[in-house]
Each structure stands twice: as C-alpha cells, then as structure tokens.
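Asker: coordinates for the following, if possible.
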Amino acid sequence: MRRIRLVIVAGLVVATALVGIRLVLTRQAALARKRIGKPLGADSLDADRVWRSALDGEPIDLLILGDSIAAGLGAEKRKETLGGRLAKGTARRMRRPVRLHTAAVVGSESPDLPAQLDTLPEGYRPDVAVIVVGGNDVTHRLPPSLSAQHLHETIRRLREAGTQVVVGTCPDLGALRPVPQPLRRLASSMSRRLADIQAETARHSGAEAVDLRRAVGPMFFDEPEAMFSLDRFHPSPLGYRRTAEALLPAVCRAAEEAVSSPRRSEPS
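Answerer: You can find the predicted model right below:
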C-alpha cells in the first residue's frame, strides 16, 4: 500500500508540474504575440513580374510557395522580397529572364500548401518551385508528421508536373528575441526537429533541401538588429538577401535541370 501511495503522489506531482509548465508556456506565448504585434500588417509586396526581361531566351517560370517569409513580408521594396531576390539572382546566373509567380500567403502553415497549388492558373507548370514554410507550424504546435505529410503531397504534385523543387527548411526560432525563455528554447528545439524532418521528406520526395538554420541562422543570432525587420520576427531586407543567397545555388541547379528537360521543348 505504501508503494502504491508513493506512486500516486509521484504521479500527482508530475501532473501538477506539467500543468504548471503548460501554463507558463501559454502565458509566454501570449507575451511574445503582444511584443511582436503586427506592425508590418498582413500584406506582402507584389513582386510578380518578369525579372531581367531584356535578357535573351524564354523566361524561366519560378513559383514561390509557403508562409510570410516566402511571401516577403518585411521587405521594403519588391526587389527585396525573397521571390524578387531569387528571380533576379537566377536570371543573372542563368542569363535568362525569370517569370515570378508568388502563391505564398502570410500566416500559412504546411497544411495550406496544397491549397496554394490549387490557386494556380489552369495549365500553369512552373519550371522551378521554392517552398519555405514551418515557422507557423511550430508556433501553432502542429505535429511534425502532419507537416511532413502535406509537404510530401505538395512536392509530389509538383514533380508529377515536371517541376524541379527546392525546399528551404524551417528557420531556427531560437533567434526570436521577443520570445521569452524557456519558450524560446522550446521553439528552437521544435523548429530544428521540424527542419530535419522537412529535409528528409524533401529528399525522399525528389526535391533538394537547403538547411536555412545552418546557412543563415548564425547571422540572425549574431546580428538581430540588422537581420530582422521592425517586428523582430520577419527578416529585414538584409535578412532576405542572406536567405536568398543561401537558396540561390540550389534554385539555379534546379533551373539548369529544368531548361535542359525535354519538357521545355514540348509544344505548349
């Protein structure tokens, strides 16, 4: 009986501690949302156009899917958005015009990716698609398996259409200074786990993954004032520049594969 009582007491202590931790994390999440606010609004700049149109050749079609980072929220000019920078950089390296189409939506999570594909014009088949998503999955505590499922489905549909796909994995949310500890530490751990799962999903689905945590994460940790925008949550123009630089080699490899594909020579 004594042993049973000890087990019961220990269980109650653990349960009480878990409830206390959950309460602390909930309060800290509310505090973080209050600190961040929405000084940037909810609308990103429209950067969709043909970039470097004076270059020779048929434009390369570049599609951007994902969340507010993919949409470019926080950029001050359309050429500073993630899509704008990738389009310009790809055009410069490939010496071909790049036609940008952004289907990414501010506030999106991985389960929203298939719906973003559904919004594309009928018959539209991009040469290259870039997917950046995951931050909202972490803040809304979505199961990583659910995130991976929708990422896989999106990549599968794109690959079946002959599109080359690049996935920028979830950034390390531990760089977000407005988020207090221990919530920030927990968010960092969760975002790293999601990034690993995204990278594995991308590889198994026929896409190339770029580890943004390793590629640009240290810059956001070391230079937060320069790398983050006004809300200290989304990248600044410099933050988007560094993120685009990390993604650009993979995007250009995908573009090279796309332009050499037999699909390019098929009649439209």
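Asker: okay, now the unreliable bits of the stretch 151-268 of the chain?
Answerer: 178, 180-181, 263-268 (pLDDT under 70).
Asker: neighbouring strands of the longest strand seen in the chain in the sheet, and parallel or not?
Answerer: Longest strand in the chain, counting residues (DSSP state E): strand 60-66. Counting by DSSP bridges, the strands paired with strand 60-66 are strand 98-102 (parallel), strand 128-132 (parallel).
Asker: send me the last one as PDB with only the CA atoms.
Answerer: Taking C-alpha atoms only, strand 128-132 is exported to PDB below (Å, rounded to 0.1, in the frame of the first residue of the first chain):
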ATOM      1  CA  VAL A 128      11.100  25.600 -60.500                       C
ATOM      2  CA  ALA A 129       9.200  25.900 -57.200                       C
ATOM      3  CA  VAL A 130      10.700  27.100 -54.000                       C
ATOM      4  CA  ILE A 131       8.900  26.200 -50.700                       C
ATOM      5  CA  VAL A 132       9.700  27.900 -47.400                       C
END
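Asker: hmm, who's touching the following helix or strand past that strand?
Answerer: Proceeding N to C from strand 128-132, the next assigned helix or strand is helix 135-139, under DSSP states H and E. Contact with helix 135-139 is made by 29, 67-69, 107-110, 144, 147, 170-171, 173, 187, 190-191, 194, as judged by CB atoms under 8 Å, 6 or more residues apart in numbering. Any C-beta I mention is one placed from the backbone N, CA and C, and that applies to glycine too.
Asker: quick one: distance of helix 135-139 to the chain centre.
Answerer: The chain centre lies 10 Å from the centre of helix 135-139; the measure is CA atoms, centre = their mean, to the nearest Å.
Asker: and stretch 245-262, by the same measure?
Answerer: 18 Å.
Asker: where along the stretch 1-150 of the chain do the helices fall?
Answerer: Under the criterion DSSP state H, counting those that start in this stretch, the stretch 1-150 of the chain contains helices at 2-36, 68-71, 82-94, 113-118, 135-139, 144-160.
Asker: picking that back up, most tightly surrounded among the strands paired with strand 60-66?
Answerer: Of the strands paired with strand 60-66, the one with the most neighbours on average (mean count of other CB atoms under 10 Å) is strand 128-132, at a mean of 28.
Asker: helix 82-94 and that strand, what's the angle between them?
Answerer: Orientation of strand 128-132 against helix 82-94 (axes from the mean of the first three to the mean of the last three CA atoms, to 10 degrees) gives an angle of 140 degrees.
Asker: what separates strand 128-132 from the chain centre, distance-wise?
Answerer: Put simply, strand 128-132 sits 9 Å off its chain's centre (CA atoms, centre = their mean).
Asker: next, the angle from it to helix 144-160.
Answerer: Interaxial angle, strand 128-132 versus helix 144-160 (the same axes, to 10 degrees): 170 degrees.
Asker: please work out which residues outside strand 128-132 touch it.
Answerer: 60-67, 69-70, 82-83, 86, 90, 104, 113, 151, 154-155, 158, 163-168, 207, 212, 247, 251, 254-255, 258.
Asker: rewinding a little: buried ones among the contacts of helix 135-139?
Answerer: 29, 67-69, 108-110, 144, 147, 170-171, 173, 187, 190-191, 194 (16 or more other CB atoms under 10 Å).
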